[in-house]
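Participant: Fold the stuff below for me.
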Amino acid sequence: MLDDEENAMRRRTVMGGLALLPLAGKAAAAAVKATRAPPAALRIASTGFAENGKAELGGIAYRVQQEGWLARELRQRGVRLEWLPVTGDTGATMNEAFASGRIDMAAYGDLPSVILNAGGVRTQVIVPAGRGTDQFLLVPTSSRATSLAELKGKRISVHRGRPWELGLRQLIADQRMSPTDFRLINMDLKPGTAALATGAVDALFMINGYPLEDKGIGRIIWSSKGLPERKMRAELWARRDFTQAHPDIAELVATAWLRAQHWAALDGNREAVIKDGTRNGTPDSVVRRSYDDPGLQWKERWSPLYDDAVYRHYRRVLAFAQEQKLIRQPLTAEELLEPRFVAAGLKKLGLASYWEPAKV
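Facilitator: Numbers count the residues shown, from 1 in each chain. As a prediction, this is how the structure comes out:
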């Protein structure tokens with residue numbers, strides 16, 4: 001069980017700028033009272049990477065940007081589209097930007113968004129981003145461990161308060177063990193990687209574990225491949241007051257995201273998607289392995305459906321956040337998920353039957 005000091009530190013790490021909530025509250029109230037006139041600008045943040053000293057977009061946001069459809073549609077309405085690529089600690093940065101009113105939408109992870117909402121800045125998922133990202137448990141290459149059970153009493157590095165901490169704790173529960181059976185060390189990914197390489201920790205729990213294995217830094221002994229309910233999720237989130245004031249703009253953005261996810265889901269575009277994944281310097285072989293999941297069809301990887309799998313995931317995230325005292329205000333999955341924009345967009349694009357709900 002975490003002590004009060006560490007819980008406080010974790011909340012500060014993820015919540016970032018929530019000290020700006022009074023300002024955000026005033027901004028929200030003003031937006032509700034505002035007319036339905038289109039905003040001068042739509043500001044969308046997304047996870048990115050640094051290239052030649054400049055931040056670049058990644059993922060579906062990059063594809064939306066490259067297609068240009070959304071920018072053109074907004075321009076016809078007198079709205080300027082502004083992209084904000086975010087590198088580093090994306091959760092804290094985007095939470096701060098939402099809280100200060102500097103962004104209207106953001107594509108990022110589940111747990112920071114839950115904490116933001118519990119703090120009083122209300123956002124909602126307007127497009128689920130596929131079937132999730134795999135998580136990995138690695139040990140040093142010199143280790144003889146082949147399972148989590150063999151790490152009992154050992155040091156496991158995990159960046160607490162980040163979405164993948166939930167994945168580790170679910171893995172521990174799946175093995176009918178307790179977090180107290182291990183020494184959980186709170187480290188960001190870079191120092192955690194260094195600790196694994198030097199033997200300062202006995203294991204590392206993270207996303208995207210293949211590069212470390214390829215470099216001989218660690219050996220993967222578990223991953224969420226083939227386990228849809230054990231993957232980490234990131235979605236397109238929007239301020240609730242913005243979608244209430246400008247539902248037409250929200251539907252337009254959702255439709256742009258759906259166009260991009262449908263494009264990615266086509267077999268003929270698979271190689272282009274893989275090439276996009278290498279833009280941040282990730283080797284082609286790593287990108288291919290990341291997408292290779294025998295239990296998940298390529299098309300379904302990009303599903304935007306609000307099915308039972310999505311609702312169950314967010315109920316688990318909410319339960320975890322309350323258990324870890326990361327949030328104090330009760331929330332429900334239904335409050336966080338807003339399916340009307342995807343429903344309208346799929347109908348408009350003739351894709352209402354293209355994806356199938358996940359079987360859970």
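
Participant: Tell me the buried residues in the longest strand along the chain?
Facilitator: Using DSSP state E to define each element, the chain has its longest strand at strand 41-51. Neighbour counts over strand 41-51 (16 or more other Cβ atoms under 10 Å) mark L42, R43, I44, A45, S46, T47, G48, F49 as buried. C-betas here are computed from N, CA, C, even on glycine.

Participant: closest to V158 among those residues?
Facilitator: T47 (19.4 Å; Cβ to Cβ).

Participant: For that closest one, list the residues it contacts.
Facilitator: G58, G59, A61, P85, V86, T87, T90, A107, Y108, A234 (Cβ atoms under 8 Å, 6 or more residues apart in numbering).

Participant: Any regions of the stretch 1-150 of the chain where pLDDT drops low?
Facilitator: 1-35 (pLDDT under 70).

Participant: run the last query once more with 90
Facilitator: 1-36, 50-54, 87-92, 109 (pLDDT under 90).

Participant: What segments of it are strands?
Facilitator: Using DSSP state E, counting those that start in this stretch, the strands found in the stretch 1-150 of the chain span residues 41-51, 54-57, 80-86, 105-109, 123-128, 135-140.

Participant: rewinding a little: would JSON lines of the contacts of T47 with distance to A203 and neighbour count be doable?
Facilitator: What follows is the contacts of T47, written out as JSON lines (distance: Cβ to Cβ, whole Å; neighbours: other Cβ atoms under 10 Å):
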{"residue": "G58", "distance to A203": "27", "neighbour count": "20"}
{"residue": "G59", "distance to A203": "28", "neighbour count": "18"}
{"residue": "A61", "distance to A203": "32", "neighbour count": "25"}
{"residue": "P85", "distance to A203": "32", "neighbour count": "20"}
{"residue": "V86", "distance to A203": "28", "neighbour count": "22"}
{"residue": "T87", "distance to A203": "26", "neighbour count": "15"}
{"residue": "T90", "distance to A203": "24", "neighbour count": "21"}
{"residue": "A107", "distance to A203": "30", "neighbour count": "25"}
{"residue": "Y108", "distance to A203": "26", "neighbour count": "24"}
{"residue": "A234", "distance to A203": "24", "neighbour count": "25"}
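
Participant: so which of those comes closest to E150?
Facilitator: Among the contacts of T47, A234 lies closest to E150 (Cβ to Cβ), at 31.0 Å.

Participant: tell me the domain ranges of the chain?
Facilitator: The chain breaks down by automatic domain parsing into domains covering 4-132+231-349, 135-223.

Participant: So which of these is nearest E356?
Facilitator: Closest among the domains of the chain, using Cβ to Cβ: domain 4-132+231-349, at 7.2 Å.

Participant: circling back to that earlier point, turn the contacts of T47 into a markdown table, including distance to M187.
Facilitator: What follows is those, written out as a markdown table (distance: Cβ to Cβ, whole Å):
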| residue | distance to M187 |
| --- | --- |
| G58 | 24 |
| G59 | 25 |
| A61 | 28 |
| P85 | 25 |
| V86 | 21 |
| T87 | 19 |
| T90 | 17 |
| A107 | 25 |
| Y108 | 21 |
| A234 | 21 |
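
Participant: re the thing from before, export the strands of the stretch 1-150 of the chain to CSV and tack on distance to K190?
Facilitator: As requested, these are arranged in CSV below (distance: least, Cβ to Cβ, whole Å):
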stretch, distance to K190
strand 41-51, 14
strand 54-57, 18
strand 80-86, 17
strand 105-109, 18
strand 123-128, 28
strand 135-140, 14
